[in-house]
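[1] Provide a 3D model corresponding to the input given below.
(one chain, ligands or ions: 2)
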Amino acid sequence: MTPRVLSIAGTDPSGGAGIQADLKTIGAFGGYGMAVVTALVAQNTEGVRSVHVPPPAFLAEQLDAVSDDVVIDAVKLGMLHSTPLIDIVVAWLERVRPPVVVLDPVMVATSGDRLLDAAAEAAIRRLCARVDLVTPNLPELAVLAGQPEATTWAAAVDQAQALAAATDTVVLLKGGHLAGATSADAVVTAEAVRPVEGRRVITTTTHGTGCSLSSAMATLRASGFSWFDALGHAKEWLTGAIEHGAALEVGRGNGPIDHFHHLREHVPHLRADVGSPTWTGRAWDDSAPVRDRVDACEFVRRLGDGTLEPERFAWYLAQDAVYLGEYAELLARAAALAGAPEEQAFWARGSVAAQEEEMRLHRAWVAGMPAAAPATRAYLDHLHAAHRHGYEVLIAALLPCSWLYADLGRRLVAQDRPAHPYGAWLRTYADPAFLDAAETARSIVDRVAEAASSDGRNAMTAAFAASMRHELAFFEAP
Ligand SMILES: Nc1ncnc2c1ncn2[C@@H]1O[C@H](COP(=O)(O)OP(=O)(O)O)[C@@H](O)[C@H]1O
Ligand SMILES: Cc1ncc(COP(=O)(O)O)c(N)n1
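    Numbers count the residues shown, from 1 in each chain. Ligands and ions are numbered 1, 2, ... in the order given. All right, here's what the predicted structure looks like:
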């Protein structure tokens, strides 16, 4: 049976949060989505501009129009704005008694704008006792539990258990607002806590995650899953949707997630690898598990959020300088081996740029030249070995360095803010010229891979994958 799921929430004309996110999510999980609008919100990925609330009686008319005609299998409640609207929804729930009701107690948007009257917080607290699942983020949980916002997982679990006990309902505790390599959530009742782990994606595309998660839970529960199993499925999908969000290129602020990322794999002309069935595209996709580990590693996360200890950063930069010195030398060798003049020129320019960067690092950050650490030595030895295999393998082995830094730089720089201790360094790698160079390197490697023998291509693939593993080890070393 296709579950018929009704979202009662506010709007987001930019499509990432609110009712628009709910309908996409319900569809993504195979439900039939319906929507009753509580408030019209003029917002986009950058924030909320204004809110228009139609008369409460009109909300009642919308609700009745749906329930007089359609059997409702699950309801998801989002932005309810103020007490008069909450009262209407409560009266309607009492009358219609939908079998599954999930409440996302929306109070404040990711951008910091209020979406619920402060005076309505008590009404939301009372509503918690009338629904089957409540999905607060940490600030909302604090309001509902009447405590300061939790800063540790243990404190958040305590608050969620207190809320579950006080309201006799199930709480989906969301850990998105905590720092750490993972972003765990948990199904919490007064008796038990069942966590579901998830990796934390380094990204700013998190607009609408809470709306989407609660809609996924409502749809999965109406399809027969337990809350815990529903969370397992929802979380896996959500992490993928967050990861694919940046590629949508929607908006300048906190962009939306890609609700249909999993379906694109099944639609031939939308598959990421079709349309660009390139060698580098495949090598990049194959390296996803290693790149996920780079994103999750403590050093990279703390470099991004600025909490990395200065001594560790200095140690890393010194190793980077050691690396760049020999990397420049290997780029010069690629220039010497290249057949086409434009390829010779490109690698030669890269060699000069790497050398200049090495010197800049020394001037700005690194005092003396240290010895190569084991991870640095192993990476460089691998590149030298690649050079002995010839041009094809050498440039395949050199590519991950520029490509990974360009990719990581673009995402990490989003966390740059005034007084970020490593902002200047992050910006180097998000520089459009650096991104361009990585793109050119990629197109050269593709051209060479196309002309290579199948054995040659295999050796290139192995060299690229090994470099990616060395990149990970390099980030894990400090
Ligand atoms: N950067 C991230 N990487 C992976 N999952 C995330 C990330 N940020 C949030 N999430 C997940 O998105 C969901 C919503 O989380 P949260 O940010 O806590 O709530 P809200 O969107 O309501 O503020 C949770 O499942 C959380 O674990
Ligand atoms: C209408 C509406 N409802 C909810 C949110 C919260 O979004 P998020 O899921 O990012 O917390 C929003 N921005 N707009």
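
[2] Report the contact partners of Pro370.
    Going by C-beta atoms under 8 Å, 6 or more residues apart in numbering, Pro370 touches 318-319, 322. For the C-beta atoms, the positions are set from N, CA and C on the backbone; glycine is no exception.

[3] any idea how far Ala473 is from it?
    Pro370 is 17 Å from Ala473, where distance means C-beta to C-beta, to the nearest Å.

[4] swap in Ala441?
    Counting by C-beta to C-beta, the separation of Ala441 from Ala473 is 22 Å.

[5] More neighbours: which of these two?
    Counting neighbours by other C-beta atoms under 10 Å for Ala441 and for Ala473 shows that Ala441 has the greater number, 24 against 16.

[6] Could you pick out the residues of the stretch 201-350 of the chain near ligand 1 for me?
    For the stretch 201-350 of the chain, the residues in contact with ligand 1 (C-beta under 6 Å from any ligand atom) are 201, 203, 206, 209-210, 213, 235, 238-239, 242.

[7] Including secondary structure, could these go into a markdown table?
    As requested, those are exported to a markdown table (DSSP: H, G, I helix; E, B strand; the rest coil):
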| residue | secondary structure |
| --- | --- |
| Val201 | coil |
| Thr203 | coil |
| Thr206 | coil |
| Thr209 | helix |
| Gly210 | helix |
| Leu213 | helix |
| Lys235 | helix |
| Leu238 | helix |
| Thr239 | helix |
| Ile242 | helix |
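
[8] Format those residues as TSV; extra columns: distance to Trp227 and neighbour count.
    Compiled in TSV, those are given as follows (distance: C-beta to C-beta, whole Å; neighbours: other C-beta atoms under 10 Å):
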residue	distance to Trp227	neighbour count
Val201	24	22
Thr203	27	19
Thr206	23	19
Thr209	18	25
Gly210	16	24
Leu213	12	27
Lys235	12	20
Leu238	15	24
Thr239	18	18
Ile242	21	25
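
[9] Just name the closest of these to ligand 2, please.
    The nearest member of those to ligand 2, counting by C-beta to the nearest ligand atom, is Gly210 at 3.3 Å.

[10] Quick one: residues contacting that closest one.
    By C-beta under 8 Å, 6+ apart, the contact set of Gly210 is 104, 106, 135, 137, 174, 176.

[11] Would you check which pair of those lies furthest apart?
    Maximum pairwise distance among these (C-beta to C-beta): 14.0 Å, between Val106 and Gly176.

[12] Neighbour count for the two, which is higher?
    Taking neighbours as other C-beta under 10 Å, Val106 and Gly176 compare with Val106 leading, 27 against 18.

[13] excluding its backbone neighbours, what's nearest the more buried one?
    Leaving aside its chain neighbours, Val106 sits nearest to Met79 (4.4 Å; criterion: C-beta to C-beta, 6 or more residues apart in numbering).

[14] Am I right that that neighbour is in a helix?
    No: per three-state DSSP, Met79 lies outside any helix segment and is coil.

[15] before we move on, the earlier item: between the contacts of Gly210, which sits nearest ligand 1?
    Checking those one by one against ligand 1 (C-beta to the nearest ligand atom), the nearest turns out to be Gly176, at 2.4 Å.

[16] what separates the closest one from Ala156, distance-wise?
    11 Å.

[17] which parts of this protein sit against ligand 2?
    9-12, 17-18, 41, 78-79, 106, 109-110, 115, 207-211.

[18] Give me the subset of those lying in helices.
    18, 209-211 (DSSP state H).

[19] mind showing which ranges of the protein have poor pLDDT?
    Scanning the chain for pLDDT under 70 picks out the ranges 265-277, 365-367.

[20] run the last query once more with 80
    Applying pLDDT under 80 to the chain flags residues 110-111, 180-181, 264-277, 361-369, 414-417, 429-430.

[21] Check the gap between Asp292 and ligand 1 for me.
    The gap separating Asp292 from ligand 1 is 11 Å, by C-beta to the nearest ligand atom, to the nearest Å.

[22] OK, contacts around that residue?
    Contact analysis of Asp292 by C-beta under 8 Å, 6+ apart lists Arg199.

[23] Leu408 versus that one, what's the distance?
    Asp292 is 12 Å from Leu408, by C-beta to C-beta.

[24] Also Asp381?
    Distance, Asp381 to Leu408, using C-beta to C-beta: 23 Å.

[25] Would you mind telling me which of the two has more residues around it?
    Neighbour count, other C-beta under 10 Å: between Asp381 and Leu408, Leu408 has more, with 22 against 13.

[26] Can you tell me the element the more buried one falls in?
    helix 391-412 (DSSP states H and E).

[27] Check which helices and strands that helix sits against.
    helix 279-286, helix 288-296, helix 298-305, helix 310-337, helix 374-388, helix 423-430, helix 432-451, helix 454-476 (3 or more C-beta pairs under 8 Å, 6 or more residues apart in numbering; DSSP states H and E).

[28] switch the cut-off to 7 Å
    If contacts are counted by 3 or more C-beta pairs under 7 Å, 6 or more residues apart in numbering; DSSP states H and E, helix 391-412 sits against helix 310-337, helix 374-388, helix 423-430, helix 432-451, helix 454-476.

[29] residues in contact with Gly423?
    Each residue near Gly423 by C-beta atoms under 7 Å, 6 or more residues apart in numbering is listed here: Asp416.

[30] How much space separates it from Asp416?
    Separation of Gly423 from Asp416 (C-beta to C-beta): 4 Å.

[31] who's in contact with His233?
    By C-beta under 7 Å, 6+ apart, the contact list for His233 reads 220, 225.

[32] so it is in which element?
    Using DSSP H and E, His233 sits within helix 227-248.

[33] What residues of that helix count as buried?
    Using 16 or more other C-beta atoms under 10 Å as the test for burial, helix 227-248 gives 227, 230-235, 237-239, 241-246, 248.

[34] can you pull the contacts of Ala452?
    392, 460.

[35] I'd like the distance between it and Glu342.
    18 Å.

[36] thinking again about what came up before, so what's the gap between the helix holding His233 and the chain middle?
    Helix 227-248 has its C-alpha centroid displaced from the chain centroid by 9 Å (C-alpha atoms, centre = their mean, to the nearest Å).

[37] That one to helix 391-412, inter-axis angle?
    Counting by axes from the mean of the first three to the mean of the last three C-alpha atoms, to 10 degrees, helix 227-248 lies at 110 degrees to helix 391-412.

[38] following helix 227-248, which helix or strand comes up?
    helix 261-264.

[39] Output that next one as CSV, restricted to C-alpha atoms.
    Provided in CSV are the C-alpha atoms of helix 261-264 (Å, rounded to 0.1, in the frame of the first residue of the first chain):
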residue,chain,number,x,y,z
HIS,A,261,19.9,11.4,-5.1
HIS,A,262,19.2,7.7,-4.8
LEU,A,263,16.7,7.8,-7.7
ARG,A,264,19.2,9.5,-10.0
